[in-house]
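Chemist: Fold the following.
(one chain, ligands or ions: 2)
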Amino acid sequence: MDVRNCRRCGKIYLYDGSPICPQCRKEEEEDFKKVKEYLYDHPGATLPEVSNATGVSPEKILRFLKEERLEIVGESNIILECERCGKAIKTGRLCDECKKEVGTRFLSYLDDKKLQETKKKNEEFAKRKEAGYRYLSKDLKEDENK
Ligand SMILES: [Zn+2]
Ligand SMILES: [Zn+2]
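Modeler: Ligands and ions are numbered 1, 2, ... in the order given. Next up, the predicted model:
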């Protein structure tokens, strides 16, 4: 039996893969729902407004946003910044462009690695082929000499 202390309230609970106890998880879920509903009804609400109206701390609201569980609807004053370029974004940690760029960079890195491997293999193959040809032509020459 794996028993841990809840990271949120400190109470002991039966560990089930989550760092917080089921009770806290329920409360978080309710906070999340409250914020989501408030934002849905008040699309232009500011962070302090949402926090005051829902009783959920601004830090937590921002966390919900960064976890991409919440997306700002319409023209909201809640502004998240892209962690890479600082552009205003509605959800998550990176703007779409940066997400794309980081994604392609990662992919091109993988491609690069693959390319290098293929290149190396091709070079080895070419070397072997070259050696084989040389051997072959030598043979041919010897044949010619005969
Ligand atoms: Zn707890
Ligand atoms: Zn960005």
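Chemist: When you work out contacts or count neighbours from here on, use the C-alpha atoms and nothing else.
Modeler: Will do.
Chemist: how about the helices of the chain, start to end?
Modeler: 22-41, 47-54, 58-66, 96-145 (DSSP state H).
Chemist: Save the ones you listed as JSON lines, and put in mean neighbour count too.
Modeler: Converted to JSON lines, the helices of the chain look like this (neighbours: other CA atoms under 10 Å):
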{"stretch": "helix 22-41", "mean neighbour count": "16"}
{"stretch": "helix 47-54", "mean neighbour count": "17"}
{"stretch": "helix 58-66", "mean neighbour count": "17"}
{"stretch": "helix 96-145", "mean neighbour count": "12"}
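Chemist: between those, which one is nearest to ligand 1?
Modeler: Nearest of these to ligand 1, taken as CA to the ion: helix 22-41 at 4.3 Å.
Chemist: For this structure, what lies in contact range of ligand 1?
Modeler: Neighbours of ligand 1 within the chain, by CA under 5 Å from the ion: C6, R8, C9, C21, C24.
Chemist: Specify which member of the residues you listed is nearest to R84.
Modeler: Nearest to R84 among the residues of the chain next to ligand 1: R8, at 29.5 Å, using CA to CA.
Chemist: In the residues of the chain next to ligand 1, which residue is surrounded by the most others?
Modeler: When neighbours are counted by other CA atoms under 10 Å, C21 leads the residues of the chain next to ligand 1 with 23 neighbours.
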